[in-house]
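K.L.:
requesting a structural model of the entry that follows:
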Amino acid sequence: MPIRALIADDEAPARRRIRNLLRHRDEYDVVAEAKTGPDTVSAVRTHRPDLLFLDIQMPGLTGFEVLSSLDPAEVPITIFVTAYDDHAIRAFEAHAIDYLLKPFDDERFEAALHYAGRRLRERNAERLGGHLHALLNHAVGDGPPSTPARASFAVRKRDSIELVPAADIDWVEAAGDYVRLHAGGRAHLMRATLRDMEERLDRQSFLRIHRSTIVRLDRIGRLIPRARGDYGVVLRDGTELRLSRTYRERARVALGHEL
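P.N.:
Presented below is the predicted three-dimensional model:
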């Protein structure tokens, strides 16, 4: 099935540029265009696009107001496209997956599409997983499913905003009023608490092992018994973390092995 795209911008040349960049891509289908905020809300509800290219400054409603006018389930994967560079933080807070600054080149647009495609696949998997989880909960009377996990995290760098996919995170450590995301040999500092991260990360994939540490389960290589009931947790890249006695029962359940 092609990815259904909606282009929302009050400037015709801007809409035309995106439409032309998508024209020869069989995997994308531009289902509608909109040039005002209210028209965009209506088009999203009518056409149910998978992907929304959204300008920020539009007549009637801003891009942010468009998203806030929609129910969460109605909001497509969103790429903001704007001439203003001072809204990036707010854009990612609104759960946009990318922020294209006009004028952008073909390579930058290609990168945005690549990430959008990956996020769409993740969203579809999340929806399928959530549906199956709901069916299982209904079958066993275990209540409603938990809130879906975040697929990526926006990290402020000196001159840009970098998106760190949750799937790339190896482990997370507390750092005062911040957390440090360790992903692929790099560390990213983000303002949040470890409790925030527990809520945002997929609990089937991540485990808190210490008051200051969360680890991705499939990155664990081995466990080494230590003193006083603690364990050393050795990741596949050689990093050694500490599983404290307080969190040992959680680890036993998650790993399916007696500790």
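
K.L.:
report pLDDT for the residue nearest to Arg19 when sequence neighbours are not counted.
P.N.:
Excluding the flanking residues, the one nearest Arg19 by Cβ to Cβ, 6 or more residues apart in numbering is Val30, at 5.6 Å. (Glycine included, C-beta is placed from N, CA and C.) Val30 is assigned a predicted lDDT (pLDDT) of 94.

K.L.:
residues near Val30, how many?
P.N.:
20 (other Cβ atoms under 10 Å).

K.L.:
can you tell me the SS state at it?
P.N.:
Under DSSP: H, G, I helix; E, B strand; the rest coil, Val30 falls in the strand class.

K.L.:
that one against Ala5, yeah?
P.N.:
Yes - counting by Cβ atoms under 8 Å, Val30 sits close enough to Ala5 to count as a contact (5.1 Å).

K.L.:
shared neighbours of those two, which are they?
P.N.:
Common neighbours of Val30 and Ala5 are listed as Leu22 (criterion: Cβ atoms under 8 Å, 6 or more residues apart in numbering).

K.L.:
so where's the stretch 51-200 of the chain uncertain?
P.N.:
When residues are selected by pLDDT under 70, those of the stretch 51-200 of the chain lie in 85-95, 123-149, 158-159.

K.L.:
let's see it at 50
P.N.:
By pLDDT under 50, the weakly predicted segments of the stretch 51-200 of the chain are 128-147.

K.L.:
now the residue nearest to Arg19: how far from Leu22?
P.N.:
Counting by Cβ to Cβ, to the nearest Å, the separation of Val30 from Leu22 is 6 Å.

K.L.:
same deal with Ala167?
P.N.:
Distance from Ala167 to Leu22, by Cβ to Cβ: 26 Å.

K.L.:
ok, the two, which is more surrounded?
P.N.:
Neighbours were counted for Ala167 and for Leu22 using other Cβ under 10 Å; Leu22 has more, 19 against 14.

K.L.:
tell me who's in contact with that one.
P.N.:
By Cβ under 8 Å, 6+ apart, the neighbours of Leu22 are Ala5, Tyr28, Val30.

K.L.:
looking at these, which is nearest Glu249?
P.N.:
For the contacts of Leu22, the minimum distance to Glu249 (Cβ to Cβ) is 47.3 Å, reached by Ala5.

K.L.:
restrict the helix or strand that contains the closest one to CA atoms and write it as CSV.
P.N.:
Per DSSP states H and E, Ala5 falls inside strand 3-8. Taking C-alpha atoms only, strand 3-8 is exported to CSV below (Å, rounded to 0.1, in the frame of the first residue of the first chain):
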residue,chain,number,x,y,z
ILE,A,3,2.0,6.0,1.9
ARG,A,4,-0.8,8.5,1.8
ALA,A,5,0.6,12.0,2.0
LEU,A,6,-1.1,15.4,2.7
ILE,A,7,0.7,18.7,1.9
ALA,A,8,-0.4,21.7,3.9
